[in-house]
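Visitor: Provided below for reference: sequence and predicted model.
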Amino acid sequence: MSLALLLLAQAAPMLVDGPDLKLVDRAVDKCDRDAMAKVFSAEPQRRRAMVIAVFNEQQAIVAERQALAQRRLDAQTKPAGAPVPAQPAGAVSFDVEAQMLANRQQALDDARMLGNLRDAALDMMRQQYLLSCNSGLAQASGK
């Protein structure tokens, strides 16, 4: 597995974390109090863990981006005639490293976007559940 794919795979758990929205939607339709309580009792912890994971990944990307920029600057500002150190075996070019960081940033941005969409959907379903199932309308309509 290439390093870029490995980095993208590290971000993948952030993309799939969270309750199944189809199951939550069915629980809302059925006014399933037990299912809703189970989902929403875990939400604060899940959201906190997601925010911490996103922050840590973003912090690591920023640090690596800064280190790459410094190495590029150091390579460009070597005095004329100074020996150029040999790259270690398996080393990648600055452009490849930059692309790997860009891919990693894109994976994180995608995870953040999907997480925000999931949170908005869950909040909307929670609101719908509370309005429909706790207002007496569910009992009156035979739900």
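Guide: Right, received. Where do you want to start? Residues are numbered from 1 along each chain as shown.
Visitor: use CA for all of it now, contacts and neighbours both
Guide: Noted.
Visitor: helix or strand for the residue nearest to the spatial centre of the chain, which one?
Guide: The chain has residue 111 as the residue nearest its centroid, 3.1 Å off, counting by Cα atoms, centre = their mean. Element membership for residue 111, per DSSP states H and E: helix 94-133.
Visitor: got any ranges where the chain has weak pLDDT?
Guide: 1-16, 80-92, 135-143 (pLDDT under 70).
Visitor: go again using 80 as the cut-off
Guide: Along the chain, the model assigns pLDDT under 80 to residues 1-17, 78-92, 135-143.
Visitor: now for the helix or strand harbouring residue 66, which elements pack on it?
Guide: Assigned by DSSP H and E, residue 66 belongs to helix 33-76. Helices and strands touching helix 33-76, by 3 or more Cα pairs under 8 Å, 6 or more residues apart in numbering; DSSP states H and E, are helix 21-30, helix 94-133.
Visitor: Of all these, which one comes closest to residue 63?
Guide: Within the helices and strands packed on helix 33-76, the stretch nearest residue 63 is helix 94-133; the backing value is 10.6 Å (Cα to Cα).
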